[in-house]
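>>> Generate a structure from the sequence data that follows.
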Amino acid sequence: MRVFKEFFRLGSSECLGRKPGRTKGGCTVKRLWRVLQACGVVVALAAAASAQADVVAAAKREGRVVVYGSLEADAFDVVRKVYEQRYGVPVEYWRAASTRVLDRALAEHRSGRGLFDVVLTNSGPMKILKAQGVFQRYVAPTYEDFPAATRDRDGVLSPAYRMVVISVLYNTRLVRPEEAPKTYADLLDPKWRGKIVMPDPTLHTTTATWLVNLRRVLGAQWRPFVERLAQQVGLVESFLPVVDKLVAGEYALGVTYVKYVKQFSEAPLDYVRLNPVLADAHLVGLARNAPHPNAGRLLINTLTSRAGLHALAQTGEFVLVPGIYPPIRDADKLRVVMMEDLDEREFQRARDELGPVFRRR
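Sure, this is the predicted structure:
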């Protein structure tokens with residue numbers, strides 16, 4: 001309001017209409033131009049605040065937001081709390097492995113009876129859902145904080161806001177640190193036969209992506225490694241059952257997420273500092289036919305905000321904010337390589353290639 005008063009004072013006949021330079025009222029053209037610019041900023045900020053208020057009011061009328069995702073419920077709860085405290089809109093969260101999230105969201109979309117507003121999971125499944133027309137365009141204001149190169153050129157998916165780092169975890173009651181594997185090749189030692197658990201790559205998209213991306217690390221040794229690894233392991237549905245079985249002592253080693261060392265901090269777990277470790281980006285998108293689109297937009301804004309990402313990092317998540325690491329020992333020293341996504345055809349080709357290998361167990 002003070003800026004507007006100054007503008008109108010300077011816009012009086014004492015100031016306007018004079019030649020460039022200082023007037024007897026103390027006004028200069030430069031000063032007037034600075035005030036005009038300030039007025040433009042104030043108008044823009046006022047318009048943005050009004051638009052935000054409209055979205056919040058609409059979200060409150062919608063009454064809730066429904067999210068499908070593979071982020072663990074305990075980690076998602078920190079985002080839920082921030083969101084519900086800010087906007088007073090309840091969040092309903094359905095959590096499952098990335099493959100099941102993909103299947104459910106795609107099935108609902110194709111049926112025309114989608115119940116979800118927001119999906120957040122690994123980038124491969126998210127890009128498949130995007131290609132199938134599941135999402136609408138939404139560019140959150142928070143995306144401006146991410147490097148331009150990481151943004152979706154179509155404005156449909158978020159930038160990668162976090163990454164899930166995959167390594168080998170071990171039960172420290174069963175394996176001493178000096179006995180733990182140090183390299184990928186060490187997993188093939190006969191002493192680990194039947195003592196390693198991992199997700200089934202014919203069912204779990206992220207594990208299939210991990211194995212395919214190991215080609216870049218292992219080169220010509222990739223095929224022999226995969227064939228011998230299949231003889232060593234027990235298979236489960238996804239990464240979370242892997243850590244459950246490690247904690248229970250059913251297996252000594254498991255291929256799963258590093259973040260579980262923090263999220264199961266009371267359990268006897270540590271992880272192998274593989275070089276490199278592979279990671280999968282996570283994205284979020286707003287459903288094309290979202291029943292609660294405004295509440296969905298606010299959820300995405302909250303998740304990808306600095307406050308949301310800082311909160312996630314404290315739960316063990318590797319967020320893509322420079323200098324922010326989860327409270328996991330040596331997290332800042334890991335050489336992380338982001339995996340290349342597989343499209344729908346590449347997933348099918350990977351399953352066709354890996355299926356016969358892992359069925360020979």
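
>>> Pull the contacting residues for residue 297.
55, 59, 138, 140, 286 (C-beta atoms under 8 Å, 6 or more residues apart in numbering). To be clear about C-beta, it is placed using only N, CA and C from the backbone, and glycine gets the same treatment.

>>> The stretch 51-200 of the chain: strands as residue ranges?
Taking DSSP state E, counting those that start in this stretch as the test, the strands found in the stretch 51-200 of the chain are 65-69, 91-95, 118-122, 135-136, 162-171, 196-199.

>>> Which elements pack onto the fourth one?
Going back to what we said before, that points to strand 135-136. Judged by 3 or more C-beta pairs under 8 Å, 6 or more residues apart in numbering; DSSP states H and E, the packing partners of strand 135-136 are strand 277-287.

>>> Now the strand it packs on - C-alpha only, CSV.
Presented in CSV, the C-alpha positions along strand 277-287 are these (Å, rounded to 0.1, in the frame of the first residue of the first chain):
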residue,chain,number,x,y,z
VAL,A,277,25.6,-47.4,-6.4
LEU,A,278,22.8,-47.2,-8.8
ALA,A,279,19.7,-45.0,-8.1
ASP,A,280,16.3,-44.5,-9.5
ALA,A,281,14.7,-41.1,-9.8
HIS,A,282,11.2,-40.5,-8.3
LEU,A,283,8.6,-38.3,-9.9
VAL,A,284,5.1,-37.0,-9.2
GLY,A,285,2.2,-36.2,-11.4
LEU,A,286,-1.4,-34.9,-11.3
ALA,A,287,-4.1,-37.3,-12.7
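
>>> and it, what other elements does it pack with?
Partner elements for strand 277-287 (3+ C-beta pairs under 8 Å, 6+ apart): strand 118-122, helix 123-131, strand 135-136, strand 162-171, helix 205-218, helix 293-303, strand 336-338.

>>> So what's the residue count around residue 337?
Applying other C-beta atoms under 10 Å, we find 15 other residues in the vicinity of residue 337.

>>> what does residue 114 give?
21.

>>> Can you give me every residue that contacts the residue most central in space within the chain?
Taking C-alpha atoms, centre = their mean as the criterion, residue 282 is the residue nearest the geometric centre of the chain, at 3.1 Å. Neighbouring residues of residue 282 by C-beta under 8 Å, 6+ apart: 71, 120, 121, 122, 123, 160, 161, 162, 163, 164.

>>> What's the PyMOL syntax to select whichever of these are buried?
Filtering the contacts of residue 282 down to the buried ones (16 or more other C-beta atoms under 10 Å) takes a single PyMOL command:
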select buried, resi 71+120+121+122+123+160+161+162+163+164
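
>>> Now tabulate the contacts of residue 282 in a markdown table and tack on distance to residue 149.
Listed next are these as a markdown table, based on distance: C-beta to C-beta, whole Å:
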| residue | distance to residue 149 |
| --- | --- |
| 71 | 24 |
| 120 | 21 |
| 121 | 22 |
| 122 | 20 |
| 123 | 15 |
| 160 | 11 |
| 161 | 15 |
| 162 | 17 |
| 163 | 15 |
| 164 | 20 |
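
>>> winner for burial among the helices and strands packed on strand 277-287?
Counting by mean count of other C-beta atoms under 10 Å, strand 118-122 has the highest mean neighbour count of the helices and strands packed on strand 277-287, with a mean of 27.

>>> Direction included, what does it pair against?
strand 65-69 (parallel), strand 277-287 (antiparallel) (DSSP bridges).

>>> ok, back up a step: just put the strands of the stretch 51-200 of the chain in a markdown table and tack on distance to residue 207 and mean pLDDT.
Formatted as a markdown table, the strands of the stretch 51-200 of the chain follow (distance: least, C-beta to C-beta, whole Å; pLDDT from 0 to 100):
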| stretch | distance to residue 207 | mean pLDDT |
| --- | --- | --- |
| strand 65-69 | 18 | 98 |
| strand 91-95 | 18 | 98 |
| strand 118-122 | 11 | 97 |
| strand 135-136 | 24 | 98 |
| strand 162-171 | 9 | 97 |
| strand 196-199 | 4 | 98 |
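
>>> Residue 145 contacts residue 307, correct?
No. Using C-beta atoms under 8 Å, residue 145 is not in contact with residue 307; the gap is 11.5 Å.

>>> that older thread, now tabulate the strands paired with strand 118-122 in TSV and tack on distance to residue 211.
What follows is the strands paired with strand 118-122, written out as TSV (distance: least, C-beta to C-beta, whole Å):
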stretch	distance to residue 211
strand 65-69	23
strand 277-287	10
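
>>> what ranges do the helices span in the stretch 251-361 of the chain?
Along the stretch 251-361 of the chain, the stretches classed as helices by DSSP state H, counting those that start in this stretch are 260-263, 293-303, 306-314, 344-358.

>>> Identify whichever of those lies nearest to residue 101.
Closest approach to residue 101 among these (C-beta to C-beta): helix 344-358, 14.3 Å.

>>> Which positions in that closest one come out as buried?
347, 350, 353, 354, 357, 358.

>>> Roughly how far does the third one sit from residue 208?
What it means is residue 353. Note on residue 353: its distance to residue 208, by C-beta to C-beta, to the nearest Å, is 9 Å.

>>> same question, the second one
Remark: distance between residue 350 and residue 208 (C-beta to C-beta) = 4 Å.

>>> contacting residues for residue 241?
Residues near residue 241 by C-beta under 8 Å, 6+ apart: residue 199.

>>> rerun that using 7 Å as the cut-off
The contact partners of residue 241, by C-beta atoms under 7 Å, 6 or more residues apart in numbering, come to none.
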